[in-house]
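Whatever this is, show me its structure:
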Amino acid sequence: MILSLQYLEIEEIPLLLFDFFGSDSPETNYAIETNNFIQALRKFSFGKIEGKDDDRVLSTHYAVVSALKIFSEQQKEVLNTKFQTQDRILLKQLLRAFMHVMDKDNRSKTDFRRNKMMVQHARSALIHADELFKKDQTLRQDLEFLVSVIYVHDLVGYTYNFDGILNVAAHHSDMAKSYCFVLLNVDQEAFENDLKDECGRVESIDMLDRFCQEKAKHLFDKMKCMASENAVKLENFAKCYILEKNRAEDDISALSKILENDLKRETRLNERELETLCHKGYAVPLKDMTHLFLYELLLSTFYTHGRRIFYLITPVDVIKARIFCSYFHISYHLAQTITNKFQQWECLYAMLTERSGTLQQCIDDHSNLKQHKMIAFQKVASRCEAMLQEDRRYFMFGIFKTDTRTDDHCQAIWLKQLIRCYKHMLKFAQNETEKKEVITKGKECVARLQQSLPSMEDRTCFQGLQFSVGEFCECIEDYDEAAKTLEILCSNLTDHELIKEKAKQT
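Numbering: from 1, shown residues only. Predicted coordinates for the structure are as follows:
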């Protein structure tokens, strides 16, 4: 553990990270391992520790990190091959730890705070991993390394995007995507040149969608081949991930309810609990995870990359926007193929790719593909209304994630998309009757959303939901309600936070 400090930032390293570092055995007592680590740090004055429980952080100093680097370099010279592999082993352990402790689920402010505490250190580890990848060509065939580095780059990019730090987010999103092409042995330059050429030619979203469907089929064939060739490795990797994953607050609550007991390992599953979840239909059998884990990883990475379209600086570069849009449509068709193969285990990203991907892009149309017309908005609204009524279980990397009919958060986000859709439809209403119908439907959605807002106050989406209500009220000239909503919102946000919330609406 101590040697891993050379790959992290020196300030405020969350000690929780080291609870997820090292052994793949569920029987390992991580608390004891971490306490031994802390005692060693104190004994040799390697740093100071502040905070309590899971909020404890370690701050070391450059002298310690420099000494660790010098020691590692000396050992490489003396033992050569053995310590050349030591960098790889340590970085893989560290990346796995970040995979297990961090999450894209930022619903809860507690979960988001933990992710923010980790993200700068994950970024530092990735910088070292990227440098090692350039030096060591054998890593191109190291499945565990590639899967880990894709997952963590994607996670870091997503977290920085969520927090409004867009330039850093863009780098990590690009890196995650590039490693996907390495993993699949696909020529990225040729693939993206085809995309760019097509994006310069297409005249409608339907033309782009058909092209993306062909690209998605090509990628899926590569994914299927890769999964089949590495079935045992992927099954073992997926099992370790499922058992060692630090579950988000909502997940712990939902899984404990299904199991009719608190999780024995507090935030992680044990093997018996996993067996029970499989028996009850709330976990994917490991034999299916040999393919599904890889499919979901790449689907989620391409989806996150596509979402950068919503953070483009105005005026928007249309070709760049269309390339991001194409990754949404590639993700959408990948999701449809995956869902058809695993109908019982629909992954959450299949829904997210549509809700916060292709449908949201239609509302915004940054790609300038003639989507802003009444018939297109009517289709989006119809789809959103249907999804509000659906009763379906969604899974994330093998474990039950949400039941959409009982998930207030999921319902609220669908309502937000509907409200935004109705706001745009008002601009295309051809007569007063049509306009009144849109306003009536929009008001109904606003009323439903406002009813759920009190239960959302501790959620990271709360301000974005308020923003959508305020904007719609302003659009229909209900200035009193708009002023009341936006005044409450603005009084609680800094200028930077307001810009972030505005970006999330686009």
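
Need the CA coordinates for stretch 260-280. PDB is fine.
In PDB, the C-alpha atoms belonging to stretch 260-280 read as follows (Å, rounded to 0.1, in the frame of the first residue of the first chain):
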ATOM      1  CA  GLU A 260     -34.600  -8.800   4.100                       C
ATOM      2  CA  ASN A 261     -31.400  -8.100   6.000                       C
ATOM      3  CA  ASP A 262     -28.700  -5.500   6.100                       C
ATOM      4  CA  LEU A 263     -25.700  -6.400   4.000                       C
ATOM      5  CA  LYS A 264     -23.200  -8.400   6.100                       C
ATOM      6  CA  ARG A 265     -20.300  -6.500   4.700                       C
ATOM      7  CA  GLU A 266     -22.100  -3.100   5.100                       C
ATOM      8  CA  THR A 267     -21.500  -1.700   1.600                       C
ATOM      9  CA  ARG A 268     -20.500  -4.800  -0.200                       C
ATOM     10  CA  LEU A 269     -22.200  -8.100  -1.100                       C
ATOM     11  CA  ASN A 270     -20.900 -11.500   0.000                       C
ATOM     12  CA  GLU A 271     -21.300 -14.700  -2.000                       C
ATOM     13  CA  ARG A 272     -24.400 -16.000  -0.200                       C
ATOM     14  CA  GLU A 273     -26.200 -12.700  -0.700                       C
ATOM     15  CA  LEU A 274     -25.200 -12.800  -4.400                       C
ATOM     16  CA  GLU A 275     -26.600 -16.300  -4.700                       C
ATOM     17  CA  THR A 276     -29.900 -15.100  -3.000                       C
ATOM     18  CA  LEU A 277     -30.200 -12.200  -5.400                       C
ATOM     19  CA  CYS A 278     -29.600 -14.500  -8.400                       C
ATOM     20  CA  HIS A 279     -32.300 -16.900  -7.100                       C
ATOM     21  CA  LYS A 280     -34.800 -14.000  -6.700                       C
END
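
Check which helix or strand Gln361 maps to.
helix 359-364 (DSSP states H and E).

Could you pull out the strands in this protein for me?
Counting by DSSP state E, the chain has strands at residues 13-14, 48-50, 57-59, 393-396, 399-403.

Neighbours of the nearest residue to Lys69 once chain neighbours are set aside, how many?
In this structure, Lys69 finds its nearest non-sequential neighbour in Gln6, 5.1 Å apart by C-beta to C-beta, 6 or more residues apart in numbering. C-beta coordinates here come from the backbone N, C-alpha and C atoms, glycine included. Gln6 sits with 21 neighbouring residues when counted by other C-beta atoms under 10 Å.

Can you give me the buried ones in the helix ranked longest in the chain?
Assignment by DSSP state H gives helix 109-135 as the longest helix of the chain. For helix 109-135, a neighbour-count test (16 or more other C-beta atoms under 10 Å) marks 111-112, 114-115, 117-126, 128-129, 132-133 as buried.

neighbouring contacts of stretch 343-359?
281, 284, 288, 292, 295-296, 299-300, 303, 306-307, 328-329, 331-332, 335-336, 338-339, 380, 383-384, 387, 392-398, 401-402, 404, 413-414, 417 (C-beta atoms under 8 Å, 6 or more residues apart in numbering).

Just the buried ones from the residues you listed, in PyMOL syntax?
Applying 16+ other C-beta under 10 Å to the contacts of stretch 343-359, the buried members can be selected in PyMOL as follows:
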select buried, resi 284+288+292+295+296+299+300+303+306+307+328+329+331+332+335+336+338+380+383+384+387+393+394+395+396+397+398+401+402+404+413+414+417
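
Okay, now the unreliable bits of the stretch 301-450 of the chain?
Counting by pLDDT under 70, not a single residue of the stretch 301-450 of the chain qualifies.

residue boundaries of the helices in it?
For the stretch 301-450 of the chain, helices defined by DSSP state H, counting those that start in this stretch occupy the ranges 318-341, 348-353, 359-364, 374-389, 408-425, 432-452.

Next one, pLDDT for Ile38 please.
Looking at Ile38, its pLDDT is 75.

Tell me how many other residues surround it.
By the criterion of other C-beta under 10 Å, Ile38 has 17 neighbours.

now the one 10 residues further on
Neighbour count for Lys48, taken as other C-beta under 10 Å: 12.

give the contact list for Ala238.
286, 289-290, 292-293, 397-398.

can you list the strands of the chain in CSV and add distance to Ile488?
What follows is the strands of the chain, written out as CSV (distance: least, C-beta to C-beta, whole Å):
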stretch, distance to Ile488
strand 13-14, 33
strand 48-50, 35
strand 57-59, 33
strand 393-396, 32
strand 399-403, 28
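
which one of these lies closest to Thr159?
Within the strands of the chain, the stretch nearest Thr159 is strand 13-14; the backing value is 13.8 Å (C-beta to C-beta).

So what's the gap between that closest one and the chain middle?
A distance of 21 Å separates the centroid of the chain from that of strand 13-14, by C-alpha atoms, centre = their mean, to the nearest Å.

strand partners of it, parallel vs antiparallel please.
Looking at strand 13-14 with DSSP bridges, its partner strands are strand 57-59 (antiparallel).

buried ones in the strand it pairs with?
For strand 57-59, by 16+ other C-beta under 10 Å, it's 57-58.

Stretch 162-178 too?
So, applying 16+ other C-beta under 10 Å, buried residues of stretch 162-178: 162-163, 166, 168-173, 175-177.

Would you mind splitting the protein into its domains for me?
Listed domain ranges for the chain are 2-185, 186-405, 407-506 (source: automatic domain parsing).

Run the chain-centre distance for the second one.
It refers to domain 186-405. Its chain's C-alpha centre and that of domain 186-405 lie 10 Å apart, by C-alpha atoms, centre = their mean.

Offset the numbering so it begins at 46, please.
With 46 as the first residue, the last one maps to domain 231-450.

From the opening residue of that domain to its closing one, how far?
39 Å (C-alpha to C-alpha, to the nearest Å).
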